[in-house]
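Engineer: predicted model and sequence below, questions to follow.
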Amino acid sequence: MTPENLQSIAFRWFEAFNNKELEKLLSLYDDEAKHFSPKLKIRQPETNGLVIGKQAMREWWQDAFERLPSLHYKVTSLTANTDRVFMEYIRQVDGEEDMLVAEVLEVRDGKIIASRVYHG
């Protein structure tokens with residue numbers, strides 16, 4: 001895929017996430033995709049931060065959308081090559097400090113096969 005195609009996937013990802021359109025968000029992922037997040041590791045220690053498959057991601061994000069209705073990601077930078085896009089954004093939630101986040105989406109055949117979140 002071209003870097004422009006990957007950036008398009010990233011922009012659709014942000015749009016779906018920020019609009020809390022869970023099924024639209026999940027449609028960007030391969031059925032067996034993996035998602036890693038430090039927040040997942042904290043909230044669900046048994047996962048060690050990793051969930052696999054759309055159903056596990058659906059449960060994770062649905063919980064986040066319900067717990068944090070004001071959750072919003074503000075894109076600050078996107079850098080893509082032919083198989084991954086590196087996203088930097090600001091995580092915003094009412095009543096919490098803004099958090100700088102980096103996330104990598106690995107893409108194969110037009111679908112996200114893995115996503116990894118980094119923040120400190």
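Structural biologist: Everything's here; your move.
Engineer: so residue 85 lies in a strand, does it not?
Structural biologist: Yes. Checked against DSSP: H, G, I helix; E, B strand; the rest coil, residue 85 lies within a strand.
Engineer: give me the spatial nearest neighbour of it, chain neighbours excluded.
Structural biologist: Excluding the flanking residues, the one nearest residue 85 by Cβ to Cβ, 6 or more residues apart in numbering is residue 6, at 4.3 Å. Glycine gets a C-beta too; all of them are placed from N, C-alpha and C.
Engineer: residues contacting the one you found?
Structural biologist: 80-85, 105, 107 (Cβ atoms under 8 Å, 6 or more residues apart in numbering).
Engineer: now do the lowest-mean-pLDDT helix or strand in the chain: which elements does it pack against?
Structural biologist: Across the helices and strands of the chain, mean pLDDT, DSSP states H and E gives its lowest value to helix 38-43, namely a mean of 91. Contacts defined by 3 or more Cβ pairs under 8 Å, 6 or more residues apart in numbering; DSSP states H and E place helix 38-43 against strand 111-119.
Engineer: put the alpha carbons of the strand it packs on into CSV.
Structural biologist: Only the C-alpha atoms of strand 111-119 are listed here, as CSV (Å, rounded to 0.1, in the frame of the first residue of the first chain):
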residue,chain,number,x,y,z
LYS,A,111,-6.7,-4.1,7.1
ILE,A,112,-5.1,-3.3,10.4
ILE,A,113,-3.4,-6.5,11.7
ALA,A,114,-1.9,-5.0,14.8
SER,A,115,-2.0,-1.8,16.8
ARG,A,116,0.3,-0.8,19.6
VAL,A,117,-0.2,2.2,21.9
TYR,A,118,2.7,4.0,23.7
HIS,A,119,2.4,6.7,26.4
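Engineer: returning to that earlier point: the contacts of residue 6, buried ones only, as a ChimeraX selection?
Structural biologist: Here is the ChimeraX command that selects the buried residues among those (16 or more other Cβ atoms under 10 Å):
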select :80,84,85,105,107
